[in-house]
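Colleague: here is a sequence together with a model predicted from it:
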Amino acid sequence: MANIIVTGAGSGIGRELCRYLLESGAHTVTGISRSRAVPAEIQAAVCAEGAVYHHYPMDITRYSDIRAFREWLVASHIVPDGLVNNAGMMLRRPFEEITPKEAEEVLQVNFLAPFMLIQDLLPLMPRGSHVVNITSMGGVNGSVKFSGLSIYSASKGALSVLTEVLAEELKERDIRVNALALGAVQTPMLEKTFPGYQAPVLPREMAKYTGDFVLTGHRFFNGKVLQVAVTTP
């Protein structure tokens, strides 16, 4: 993978993933987030490794932003061969209290944004490209479910199924599509949703695993939703 795009690059796993990819020899990493500021950790990696990092501020739920991003890639002569749909939104609330607006927002971030981004970037992606969707153990059939996470889990489950279908559709184009269903990671999103809970995995640790999978996983897997968790059965 030479030119990798990572959504949700402003914090948590996304920020650490960009840094790890830069340290691991990726030619160009483009981090997408709503924030315009480049995280200090990423800037340090760029200075140390001499790699190329582009920070692209945008709202992934707006199709106009996605279209503008595609035009920027073309104008910048960046041919994306890796895409990590990492950005996510978690809502913890009793099912009967979730408003239609809240449900729509979660689905926009966790499912429709990756859907639109993949669809818009596919014409630019060469053979051998790898799309990695970051889903959740909450969206895996048969796993333990947690009360209050109905719309979050459902949105991640939808992304997992999309992964399986796209892998089949894109076989002839030699574009691989996989998903990592993550367990609990000590990210700002988790801390906000479950105050006081201590996850067994740090963002930096999960970023290393994810980064290695982005770079090499397409050689061994296609259409797989791989469970990455030490606590969630």
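Modeller: Structure's in. What do you need? Numbers count the residues shown, from 1 in each chain.
Colleague: avg pLDDT for stretch 152-160?
Modeller: Averaging pLDDT along stretch 152-160 gives 97.
Colleague: how far does it sit from the chain's center?
Modeller: For stretch 152-160, the separation from the chain centroid amounts to 13 Å (computed by C-alpha atoms, centre = their mean, to the nearest Å).
Colleague: same check on stretch 178-185?
Modeller: On C-alpha atoms, centre = their mean, the centre of stretch 178-185 falls 10 Å from that of its chain.
Colleague: same check, this time on stretch 124-143
Modeller: For stretch 124-143, the separation from the chain centroid amounts to 8 Å (computed by C-alpha atoms, centre = their mean).
Colleague: and that stretch, end to end?
Modeller: End-to-end distance of stretch 124-143 (C-alpha to C-alpha, to the nearest Å): 36 Å.
Colleague: same deal with stretch 42-59?
Modeller: End-to-end distance of stretch 42-59: 20 Å, with C-alpha to C-alpha as the criterion.
Colleague: for stretch 109-126, same thing?
Modeller: 26 Å.
Colleague: repeat that for stretch 4-22.
Modeller: Terminal residues of stretch 4-22 lie 10 Å apart, using C-alpha to C-alpha.
Colleague: how about that stretch: buried residues?
Modeller: Buried residues in stretch 4-22, counted by 16 or more other C-beta atoms under 10 Å: 4-10, 12-22. In this view, the C-beta of every residue, glycine as well, is placed from N, C-alpha and C.
Colleague: mark which of the residues you listed are part of strands, please.
Modeller: Within the buried residues of stretch 4-22, residues falling in strands by DSSP state E are 4-7.
Colleague: now render these as TSV, adding distance to Lys208 and pLDDT.
Modeller: Converted to TSV, those look like this (distance: C-beta to C-beta, whole Å; pLDDT from 0 to 100):
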residue	distance to Lys208	pLDDT
Ile4	15	97
Ile5	19	98
Val6	14	98
Thr7	18	98
